[in-house]
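Enquirer: Any chance you can model this:
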Amino acid sequence: GFYRFNEGDDELHVYPQSAMMAVHALAGRLTAEAAHLDRAEALFEAIAPAYRPEIGAYHDPYQGTGEDYVSLSTTSYLLLALHLVARERPDARYDDAIDELLAFIEARLWVPDEAIVYHHWEYEARADWYCTGCNFQLGYLLLLLGGEGG
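Expert: Reported below is the predicted structural model:
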């Protein structure tokens, strides 16, 4: 029920599911084939086991080793995918997930005095480094989510 991160790797990773959710949402928009949107929605359901309610985000073991590892990059790709799916099939659960992920970023990764969003959360702490590309990606997503080019 989900895409593999690598051949032979059956572990659930949020990153490839987010990428493929976006692909299927865009394919559904371009082709008007409901099967693509059905698949995008199914992938949102498939990542449910990766959700960590205690932090309000989705764990992906892609780079980290902690059970609470959540990266800005993976979260940003998921935000994009949720936006694209919600645009085609509006549903409060997508809006709620987007709001919760943005709240996670704001509460755990964003440092307003520095105007920086740090790279990840792991072992109940924010990383001490950031990625400029991930910050630009988040900025673009905030424009999309705010209605600027959505």
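Enquirer: contacts, neighbours, all on C-alpha from now
Expert: OK.
Enquirer: Now L80: closest residue in space, sequence neighbours ignored.
Expert: Setting aside the residues directly before and after it, L80 is nearest to L141 in space (C-alpha to C-alpha, 6 or more residues apart in numbering), at 6.6 Å.
Enquirer: What is the neighbour count of the one you found?
Expert: L141 has 20 neighbours, counted by other C-alpha atoms under 10 Å.
Enquirer: Show the model's pLDDT score for it.
Expert: Model confidence at L141, given as pLDDT, is 95.
Enquirer: Surely it touches L79?
Expert: Yes: counting by C-alpha atoms under 8 Å, L141 touches L79, with 7.5 Å between them.
Enquirer: Helices along the chain, start to end?
Expert: 14-31, 34-46, 72-88, 92-104, 132-145 (DSSP state H).
Enquirer: Which one, of these, ends up nearest to I55?
Expert: helix 92-104 (6.8 Å; C-alpha to C-alpha).
Enquirer: Run through who's touching that closest one.
Expert: 55-57, 75, 79, 82-83, 85-86 (C-alpha atoms under 8 Å, 6 or more residues apart in numbering).
Enquirer: Make CSV out of these and add pLDDT, distance to Y69 and neighbour count.
Expert: Shown next, in CSV, are the contacts of helix 92-104 (pLDDT from 0 to 100; distance: C-alpha to C-alpha, whole Å; neighbours: other C-alpha atoms under 10 Å):
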residue, pLDDT, distance to Y69, neighbour count
I55, 94, 10, 19
G56, 96, 12, 19
A57, 97, 9, 24
T75, 97, 11, 26
L79, 97, 17, 25
L82, 98, 20, 23
H83, 97, 23, 23
V85, 98, 25, 26
A86, 97, 26, 19
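Enquirer: Which of these sits closest to V14?
Expert: T75 (8.5 Å).
Enquirer: and the gap between that closest one and Y58?
Expert: Applying C-alpha to C-alpha, to the nearest Å, the value for T75 to Y58 is 7 Å.
Enquirer: ok, now N6?
Expert: Distance, N6 to Y58, using C-alpha to C-alpha: 19 Å.
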